[in-house]
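Trainee: need a structure here:
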Amino acid sequence: MRHLLCDLEAAAALIDRVIVTRNIPEADVLADLSLSFPLEFIDNAHPRGFAANHNAAFGRCHSNWFLVLNPDVRIEPDALHALVDQAPAASGVVAPRIFEPGKSAPEPRRKHLTPFEIMGRWIRPDYDAPRAEWVAGMCMLFRAGAFAGVRGFDEKFFMYVEDADICARLRLAGWEVAVNESVRILHDAQRASDSHWRHLGWHWASMLRWWFSRPFWLLLARMGGAPVLQRARTGPSAARHE
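Mentor: Sure thing, here's the model as predicted:
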């Protein structure tokens with residue numbers, strides 16, 4: 001977290017405030033940091049999910065943009081300026097390309113999150129979609145009006161798939177999901193659902209909720225449904241990790 005806040009200092013002129021959510025009680029290890037922007041804290045009495053935490057943070061947002069960030073990402077000095085300045089007018093959310101330590105290629109662009117898309121990842125793990133249909137939650141820059149217009153993240157999801165769901169609802173509301181190909185961030189992904197049964201359970205519970213949700217089916221119908229199945233039968237996929 002300290003490293004991320006120091007990264008954000010390079011874009012201090014763009015930042016109204018930074019809100020840090022502490023999901024469990026912990027010592028204040030940031031007290032000695034000297035920053036050019038206000039640092040506010042939300043201390044939860046009990047752990048809350050990704051969606052609930054970021055919706056609570058949005059309640060303190062008074063700017064035109066709302067940036068969702070994981071504490072384990074590192075941002076290059078000009079990244080935020082580029083994301084804001086180059087955001088397409090129709091975009092409700094903008095994201096950078098995501099790199100992981102030790103990997104030369106970015107995380108693949110992600111297509112609509114279907115069972116066939118996930119199976120396609122296993123078949124062709126090197127696949128990269130031509131354009132992103134949703135972006136991952138470790139770094140999402142929302143237009144505040146767009147985020148409010150779709151009522152933020154759906155708190156029925158816990159820990160996983162909130163990002164795919166909100167991107168779908170933004171697209172259904174007429175907004176675009178954009179990726180700035182020239183901006184990169186580093187994400188030290190923990191992939192807890194790969195090694196912890198509890199996280200794996202949360203992951204699959206969220207997946208099932210998503211596949212039975214109204215936004216999933218509405219967007220699938222708008223995209224043409226059948227072509228999605230055809231692409232899955234012939235092999236291509238999207239991102240390899242939700």
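
Trainee: so where's the protein uncertain?
Mentor: 27, 29, 31, 125, 189-197, 225-242 (pLDDT under 70).

Trainee: ok, the residue of it most remote from its centre to His3 distance?
Mentor: For the chain, the largest distance from the centre (C-alpha atoms, centre = their mean) belongs to Asp32, which lies 29.2 Å off. Per C-beta to C-beta, to the nearest Å, Asp32 is found 14 Å from His3. For every residue, glycine as well, the C-beta is placed using N, CA and C.

Trainee: now swap in Ala132 and tell me
Mentor: 26 Å.

Trainee: one step back: got the contact list for the residue farthest from the centre of the chain?
Mentor: Applying C-beta atoms under 8 Å, 6 or more residues apart in numbering, we find Asp32 in contact with no residue.

Trainee: how close does it get to Leu5?
Mentor: Counting by C-beta to C-beta, the gap from Asp32 to Leu5 is 12 Å.

Trainee: before we move on, what about Pro101?
Mentor: Taking C-beta to C-beta, one finds Pro101 at 19 Å from Leu5.

Trainee: who has more neighbours out of those two?
Mentor: Leu5 (16 against 9; other C-beta atoms under 10 Å).

Trainee: what sits against the more buried one?
Mentor: Val18, Leu30, Leu33, Leu35, Leu39.

Trainee: residues in contact with the first one?
Mentor: I take that to be Val18. Val18 neighbours (C-beta under 8 Å, 6+ apart): Leu5, Leu8, Leu35, Phe37, Pro38, Leu39, Glu40.

Trainee: what sits closest to Ala82 if chain neighbours are left out?
Mentor: Residue nearest to Ala82 in three dimensions, not counting chain neighbours: Val183, with 4.9 Å by C-beta to C-beta, 6 or more residues apart in numbering.

Trainee: touching, that neighbour and Pro96? I think so.
Mentor: Yes. Counting by C-beta atoms under 8 Å, Val183 touches Pro96, with 3.8 Å between them.

Trainee: common neighbours of the two, please.
Mentor: Contacts common to Val183 and Pro96, judged by C-beta under 8 Å, 6+ apart, are Ala79, Leu83.

Trainee: between these two, which is the more surrounded one?
Mentor: Pro96 (26 against 21).

Trainee: hey, what's that one bridged with?
Mentor: Using DSSP bridges, the bridge partners assigned to Pro96 are Asn180.

Trainee: same deal with Leu186?
Mentor: Counting by DSSP bridges, the residues bridging with Leu186 are Arg74, Phe99.

Trainee: count of neighbours near it?
Mentor: Leu186: 15 neighbours (other C-beta under 10 Å).

Trainee: how near is it to Lys156?
Mentor: Counting by C-beta to C-beta, the separation of Leu186 from Lys156 is 31 Å.

Trainee: what do you get for Asn23?
Mentor: Distance from Asn23 to Lys156, by C-beta to C-beta: 18 Å.

Trainee: Asp28 too?
Mentor: Distance from Asp28 to Lys156, by C-beta to C-beta: 32 Å.

Trainee: so what's the spatially most central residue of the chain closest to, chain neighbours aside?
Mentor: Geometric centre of the chain, nearest residue: Gly137, 1.6 Å, by C-alpha atoms, centre = their mean. Spatial nearest neighbour of Gly137, excluding adjacent residues (C-beta to C-beta, 6+ apart): Asp163 at 3.8 Å.
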